[in-house]
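S.K.: generate a structure from the sequence data that follows.
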Amino acid sequence: MNSGKIVLGALAGLAAGAALGILFAPDKGSKTRAKILSKGGECADAMKEKCNEFVDAITAKADEAEQMVEKGKAKYDEVKKDVKHATA
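M.R.: As a prediction, this is how the structure comes out:
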């Protein structure tokens, strides 16, 4: 989780630096706006990719947890059955 915060901070810093660099560049306003839109789109795409990676990782962990629960239930039922036969 800590590396995710570092990546997010780096992306935010990169976006802020790019925006400031473009704003202070000696280009026409229309070119500057086009550059800002382009960089904004790139940052949005990068954020979407990171979010998708995060969702995929969480989904994988949830699937692992579900499998562990199923194994635990099966083991519990097995032990319960053994105890029932032992006391009968």
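
S.K.: max-length helix in this structure?
M.R.: The longest helix of the chain (DSSP state H) is helix 29-87.

S.K.: worst mean pLDDT across the helices and strands of the chain, which element?
M.R.: In the chain, no helix or strand scores lower on mean pLDDT, DSSP states H and E than helix 2-23, which sits at a mean of 79.

S.K.: measure the spatially most central residue of the chain to A46 for me?
M.R.: Central residue of the chain (C-alpha atoms, centre = their mean): F54, 1.8 Å from the mean position. Distance, F54 to A46, using C-beta to C-beta, to the nearest Å: 13 Å. The C-beta positions use only the backbone N, C-alpha and C, and glycine is treated the same way.

S.K.: what's the helix or strand for D27?
M.R.: Assessed by DSSP states H and E, D27 sits outside every helix and strand.

S.K.: ok now do it, which residues does it touch?
M.R.: K35 (C-beta atoms under 8 Å, 6 or more residues apart in numbering).

S.K.: gap between A57 and S38?
M.R.: A57 sits at a distance of 29 Å from S38 (criterion: C-beta to C-beta).

S.K.: re the thing from before, mind listing what the residue nearest to the centre of the chain touches?
M.R.: F54 is in contact with G4, counting by C-beta under 8 Å, 6+ apart.

S.K.: now it: how far from S30?
M.R.: F54 is 36 Å from S30, by C-beta to C-beta.

S.K.: do K39 as well
M.R.: To S30, K39 is 15 Å away according to C-beta to C-beta.

S.K.: before I go, just wanted to say thanks for your time.
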